[in-house]
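Trainee: Coordinates only, no sequence provided:
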């Protein structure tokens, strides 16, 4: 057996990485194997992928313009109803815009909101959670108290308040949702950090002389990553509903940009005569959020069996 | 001992409330634009009038601390906080009425809706949660859990519209909007129409207000029912596995009594916390449901105030919502110690 000294510097750097890589590959393989045995999670994933593909390739899926309509064709019913036209498969809205095109393009907003709000919230929350949980001290006091304060506001009320002050728009919407969204991840990561910190492998790393940064990033984060992933997935559905709710109230995405929440609001004035304008964009939301939640609960069953709901 | 803990918990909410008030205040002042411009709209006014308005709303004072000599607390922030302590939330820019008065007018409607939703949520969730746990993996269990899963994935505004389409437009069973019919001559006592009709013995008003309350309550209560049913089911499953349940059964206790008297009582404890957290969702959802059903509550006032840029009103209402949420969680925590003597606050 070769002793550590006789290995070339390159091998000493490279060899541990190959081991790490092999472990990762095995873990990923195990995960995929379990995942494929979880039918609802697979179903969720398939639907999510379909939505993403539709959003990316929207211009190829429909030739209709999602923002400009033709008043001559306003409030056409879906194609299968009497008076419907095959050109407008799901009918048209009050401005004569093709509903299918608007729903497809609307997926872009919802998916971006989900990804960006959760992504930024995870970054802020996890960074603060790692620092406060590992080092404690005054910074922990300050950040934790601030988080407690934010928790005193109901989520939607807070977001509505922030939107009232910032004004509507996509960037402001992301800001309003992440302003409070990070707290959940902060609390999760901080809690996990406090628990992991006392474990033996962290002690060992300290004895080996690893820096605090290296311990957090290389030792602890790989062990708590899966719970962040699970919470992040489940929060994504919630954030999409929050965006839709704000847009429904007229405080989020502004017309003519197609967003499902504002499309539902648009149709409210025509409920008596044209049921499709409000209901169909809502179905798009329900199916996407349902898929995300199915996927998230599947992930949780596999990665975090402690929390499994029987 | 318990009384001291409860008192400590009550005192701990004071800094939270203060922090809430400060955060809301600071947010409002970060808004671009001069409040006086908002108040005046397009009307042309003399500089003297503007000066008066500034004084009326204390806009001539420094923002956080008065450092130009005199009383350092003579600033907008502290005048505002002092007002909050006295229950004075300032005046609405647009309606020129005290914000507290405007909130007081619309709060009963919001409370009535929230209570209705809470009732609907619990009445649906408790039997479903219990039956699903007792008959785990049965058809009833699978169907109700699928329904609950759908319930947590559905936006309230969309459910409300489906309700209107189904029960008002198609079946014509229930009214689309409002709290009561115009011709119902109801004498106001508490502001909760259902309660008022019972107190005054006005049968027509009771029927009318219940009919109006039904759809909004179901819409708002559905998400609550879904969450509570899931939590109750899993805590029931856990309790039903305990030894003392086996003992109760071994004693020959009726199965119904085992489930309801022995198991449910303990399984309700975790549910109390969940309901406390859900009060926040209920308050937020209130705004949505009030908008869908044109329910004349606080939520609609806030949404309208946002579009009017009537910031004192938005600020006051957001604060009332946050205070309600904090108080609800305080009550839940205190309730918790009495339900579960093992817990110390």
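Mentor: Alright, I've got the coordinates. Computed from a predicted structure; not experimentally measured. Residues are numbered from 1 along each chain as shown, chains lettered A, B, ... in the order given.
Trainee: Which residue is it, in the stretch 51-200 of chain A, that comes closest to chain B?
Mentor: Minimum separation of the stretch 51-200 of chain A from chain B (C-beta to the nearest C-beta) falls at residue A:156, amounting to 3.0 Å. The C-beta positions use only the backbone N, C-alpha and C, and glycine is treated the same way.
Trainee: wait, does stretch B:221-236 contact chain A?
Mentor: Yes. Counting by C-beta under 8 Å from any C-beta of the partner chain, chain A has neighbours in stretch B:221-236: B:230, B:234.
Trainee: What mean pLDDT does that stretch get?
Mentor: Averaging pLDDT along stretch B:221-236 yields 91.
Trainee: One more: stretch B:149-156?
Mentor: 91.
Trainee: residues contacting residue B:83?
Mentor: B:89, B:90 (C-beta atoms under 8 Å, 6 or more residues apart in numbering or on different chains).
Trainee: where's it, which helix or strand?
Mentor: helix B:76-85 (DSSP states H and E).
Trainee: for chain A, what's the longest helix?
Mentor: In chain A, taking DSSP state H as the definition, the longest helix is helix A:99-135.
Trainee: helices or strands up against it?
Mentor: helix A:39-56, helix A:58-61, helix A:137-151, helix A:170-197, helix A:221-249, helix A:260-267, helix A:276-303 (3 or more C-beta pairs under 8 Å, 6 or more residues apart in numbering or on different chains; DSSP states H and E).
Trainee: So the residue of the stretch 1-150 of chain B found nearest chain A versus residue A:283, what's the distance?
Mentor: Of all residues in the stretch 1-150 of chain B, residue B:19 sits closest to chain A, at 4.3 Å by C-beta to the nearest C-beta. Distance of residue B:19 to residue A:283, computed by C-beta to C-beta, to the nearest Å: 41 Å.
Trainee: what's the answer for residue A:249, then?
Mentor: Distance from residue A:249 to residue A:283, by C-beta to C-beta: 20 Å.
Trainee: Look at residue B:345 and report its pLDDT.
Mentor: At residue B:345, pLDDT is 48.
Trainee: and if you look at residue A:231?
Mentor: 92.
Trainee: got the contact list for whatever residue of the stretch 101-250 of chain B ends up closest to chain A?
Mentor: For the stretch 101-250 of chain B and chain A, the shortest gap (C-beta to the nearest C-beta) falls at residue B:158, measuring 3.4 Å. Listed by C-beta under 8 Å, 6+ apart, the contact partners of residue B:158 are A:264, A:278, A:279, A:282, A:285, A:286.
Trainee: That one sits in which helix or strand?
Mentor: Residue-wise, residue B:158 maps onto helix B:156-163 under DSSP H and E.
Trainee: Give the rounded mean pLDDT of the helix or strand following that helix.
Mentor: Remark: after helix B:156-163, the chain's next helix or strand is helix B:193-199, criterion DSSP H and E. Averaging pLDDT along helix B:193-199 gives 81.
Trainee: Kindly report the same for stretch B:78-87.
Mentor: The average of the pLDDT scores along stretch B:78-87 is 82.
Trainee: Then stretch A:83-100?
Mentor: Here the average pLDDT along stretch A:83-100 is 80.
Trainee: what comes into contact with it?
Mentor: Here stretch A:83-100 has contacts from A:62, A:64-79, A:81, A:102-103, A:263, A:266-267, A:269-270, A:274, A:276-277, A:280-281, using C-beta under 8 Å, 6+ apart.
Trainee: most residues in a single helix of chain B, which one?
Mentor: helix B:203-240.
Trainee: tell me what that helix is packed against?
Mentor: Partner elements for helix B:203-240 (3+ C-beta pairs under 8 Å, 6+ apart): helix B:99-134, helix B:139-152, helix B:156-163, helix B:193-199, helix B:265-292.
Trainee: that older thread, which one is the residue of the stretch 51-200 of chain A closest to chain B nearest to, not counting chain neighbours?
Mentor: residue B:284 (3.0 Å; C-beta to C-beta, 6 or more residues apart in numbering or on different chains).
Trainee: what number of residues lie near that neighbour?
Mentor: 23 (other C-beta atoms under 10 Å in any protein chain shown).
Trainee: so it sits right up against residue A:157, yeah?
Mentor: Yes. Using C-beta atoms under 8 Å, residue B:284 is in contact with residue A:157, at 5.2 Å.
Trainee: give me every residue that touches the closest residue to residue A:286 other than its chain neighbours.
Mentor: Using C-beta to C-beta, 6+ apart and skipping residues adjacent in sequence, the residue nearest residue A:286 is residue B:154, 5.3 Å away. Shown in contact with residue B:154 (C-beta under 8 Å, 6+ apart): A:286, A:289, B:222, B:223.
Trainee: Which members of these are the farthest-apart pair?
Mentor: Maximum pairwise distance among those (C-beta to C-beta): 14.3 Å, between A:289 and B:222.
Trainee: what residue ranges in the stretch 101-250 of chain B score low on pLDDT?
Mentor: The stretch 101-250 of chain B contains no residues with pLDDT under 70.
Trainee: Get me the contact residues on it for chain A.
Mentor: B:136, B:149-150, B:152-158, B:161-162, B:164-165, B:169, B:230, B:234, B:237.
Trainee: Are any of the residues you listed buried, and if so which?
Mentor: B:136, B:149-150, B:152-158, B:161-162, B:164-165, B:230, B:234, B:237 (16 or more other C-beta atoms under 10 Å in any protein chain shown).
Trainee: correct me, but the residue of the stretch 1-150 of chain B closest to chain A touches residue A:147?
Mentor: No. Between residue B:19 and residue A:147 there is no contact under C-beta under 8 Å: 11.2 Å.
Trainee: got a list of what the residue in the stretch 201-310 of chain A that chain B sits nearest to touches?
Mentor: Shortest the stretch 201-310 of chain A-to-chain B distance, computed as C-beta to the nearest C-beta: residue-wise this is residue A:282, at 3.4 Å. Residue A:282 makes contact with A:260, A:264, B:155, B:157, B:158, B:161, B:162, according to C-beta under 8 Å, 6+ apart.
Trainee: Also residue A:263?
Mentor: Contacts of residue A:263 (C-beta under 8 Å, 6+ apart): A:93, A:99, A:102, A:103, A:106, A:277, A:278, A:281.
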